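Participant: Sequence and predicted structure, then a few things I'm wondering about:
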Amino acid sequence: RKEFLRELQLSETLTESEQEKKYSDLLDSLKMAPYGRPSMETIFHVLLPQKWVLHFHSLAALLMGHESQQNPLKWKAWAQKNISPTLAILPVLRPGLLLGRALSQFENASILLLKNHGVVLQGEDESILNTWSEIEESFLKEWSYLEILNFKNSNDEQKSRLNAGAGKLKVYFPDTAVFYDKLSS
């Protein structure tokens, strides 16, 4: 970890594209059989201080990011009641070095919501997963997504809402969600 950080610090005088190339080369140098090259998100584990750093593309996280933009006052009230003060919301950023450096500015947050991309959790133990699971369930229920996403119990109107994107609902594909606006135009 220390050597990885040292290499990143040495690249800070380079241009942004040169830094990205150096980061990519650094990842290539870390190939481990049989796993291959580490992911672009390796930097999350290097720059965030907690023992557990988890990143995944949670549909609930994507919907939270969406609601934080579409209904900011309602979202803020809900987040303060259910998540605050351990939450940071980051704007849409390119995955890799740029996103990793932005995340590192919020080293005290245990839940880092990445708009249109997913979530990063960090904590000293696995309890952060239980916390996130409870937050997801609460959000999906309170924002009426639970019924919509549970096709077995949803009615035709709810299915239609999900399929048509009515009610400002967008369905994101996790790895392309960062570029959703460019893809949809």
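Facilitator: That came in fine, so what should we check first?
Participant: Could you list the single helix or strand in the chain with the lowest mean pLDDT?
Facilitator: helix 180-184 (a mean of 48; mean pLDDT, DSSP states H and E).
Participant: Report all helices and strands that the longest helix belonging to the chain contacts.
Facilitator: The residue-count maximum for a helix in the chain (DSSP state H) belongs to helix 127-142. Here helix 127-142 touches strand 52-56, helix 59-70, helix 72-82, strand 111-114, strand 118-123, helix 145-149, going by 3 or more CB pairs under 8 Å, 6 or more residues apart in numbering; DSSP states H and E. Backbone N, C-alpha and C define where each C-beta goes, glycine included.
Participant: tell me the angle of it relative to strand 52-56?
Facilitator: 40 degrees (axes from the mean of the first three to the mean of the last three CA atoms, to 10 degrees).
Participant: returning to that earlier point: can you redo the helices and strands packed on helix 127-142 as JSON lines with mean neighbour count and distance to Tyr35?
Facilitator: Formatted as JSON lines, the helices and strands packed on helix 127-142 follow (neighbours: other CB atoms under 10 Å; distance: least, CB to CB, whole Å):
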{"stretch": "strand 52-56", "mean neighbour count": "17", "distance to Tyr35": "16"}
{"stretch": "helix 59-70", "mean neighbour count": "20", "distance to Tyr35": "25"}
{"stretch": "helix 72-82", "mean neighbour count": "13", "distance to Tyr35": "36"}
{"stretch": "strand 111-114", "mean neighbour count": "24", "distance to Tyr35": "24"}
{"stretch": "strand 118-123", "mean neighbour count": "23", "distance to Tyr35": "21"}
{"stretch": "helix 145-149", "mean neighbour count": "18", "distance to Tyr35": "32"}
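Participant: could you dump those to a markdown table with distance to Ser104 and mean pLDDT?
Facilitator: Shown next, in a markdown table, are these (distance: least, CB to CB, whole Å; pLDDT from 0 to 100):
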| stretch | distance to Ser104 | mean pLDDT |
| --- | --- | --- |
| strand 52-56 | 11 | 90 |
| helix 59-70 | 19 | 89 |
| helix 72-82 | 22 | 94 |
| strand 111-114 | 10 | 94 |
| strand 118-123 | 11 | 93 |
| helix 145-149 | 31 | 73 |
